[in-house]
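**Student:** My questions concern the predicted model and sequence given below.
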Amino acid sequence: MKVTFESANVAETEVIIKGEIGNSEVESLLEFIKSMNTSSIKKLLVYREDEQYLVDIEDIVYIEVATSKVEVVTLSGRYDAKKKLYELKEMLSMTSFAQINKGTLINIDFVKSVQAEFSGNYTLRLKNSKEILTISRKYFKEFKSKI
């Protein structure tokens with residue numbers, strides 16, 4: 001691997017990687033750079049009515065799209081998020097969150113059990129709750145990789 005550094009007076013640091021996309025070294029570098037941007041995320045700004053709250057990431061049970069808004073579900077209640085689900089997924093990619101269906105991200109630390117259904121989907125039960133969520137076949141591999 002060849003490393004070149006150019007000093008420049010710029011507002012934001014820019015990283016350019018030249019190489020084959022499928023190369024494991026390139027993929028490792030990309031993952032490392034992503035982790036530097038996301039691993040420092042400890043809290044998420046959420047809203048309820050006219051108030052803003054800072055919620056610890058580890059207190060979030062799941063995040064779901066409900067009637068065209070994104071809701072953050074914690075042990076203490078439900079909040080609204082201003083970000084889109086895909087933005088939150090990217091922000092939380094290096095944490096214990098996994099997408100389980102088109103509209104839900106789950107914190108796997110709150111998963112009690114998973115059961116296969118006849119349809120090929122899976123039923124997910126949460127700790128400390130009677131709530132049941134569905135893991136679609138499309139997202140099961142991603143969920144399993146986070147365990």
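**Tutor:** Structure received.

**Student:** switch to C-alpha atoms for all contacts and neighbour counts from now on
**Tutor:** Noted.

**Student:** any low-confidence regions in this structure?
**Tutor:** 34-40 (pLDDT under 70).

**Student:** residue boundaries of the helices in it?
**Tutor:** Taking DSSP state H, the helices of the chain run over residues 24-38, 85-91, 137-146.

**Student:** what's the offset of the shortest one from the middle of its chain?
**Tutor:** What it means is helix 85-91. Centre-to-centre, helix 85-91 and its host chain are 6 Å apart (CA atoms, centre = their mean, to the nearest Å).

**Student:** List the buried residues of that helix.
**Tutor:** Going by neighbour count (16 or more other CA atoms under 10 Å), the buried part of helix 85-91 is 85, 88-89, 91.

**Student:** So which residues make contact with that helix?
**Tutor:** 38, 41, 63-65, 70, 97-99, 103-105 (CA atoms under 8 Å, 6 or more residues apart in numbering).

**Student:** which one of these sits closest to residue 20?
**Tutor:** Closest to residue 20 out of the contacts of helix 85-91 is residue 38 (24.2 Å), distances taken as CA to CA.

**Student:** Please identify the most buried of the helices of the chain.
**Tutor:** Each of those was scored by mean neighbour count; the highest is helix 85-91, a mean of 16, by mean count of other CA atoms under 10 Å.

**Student:** Include distance to residue 2 when you put the contacts of helix 85-91 into JSON lines, please.
**Tutor:** Formatted as JSON lines, those follow (distance: CA to CA, whole Å):
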{"residue": "38", "distance to residue 2": "26"}
{"residue": "41", "distance to residue 2": "31"}
{"residue": "63", "distance to residue 2": "41"}
{"residue": "64", "distance to residue 2": "43"}
{"residue": "65", "distance to residue 2": "44"}
{"residue": "70", "distance to residue 2": "43"}
{"residue": "97", "distance to residue 2": "34"}
{"residue": "98", "distance to residue 2": "34"}
{"residue": "99", "distance to residue 2": "36"}
{"residue": "103", "distance to residue 2": "41"}
{"residue": "104", "distance to residue 2": "41"}
{"residue": "105", "distance to residue 2": "38"}
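
**Student:** Among these, which lie within strands?
**Tutor:** 63-65, 70, 97-99, 104-105 (DSSP state E).
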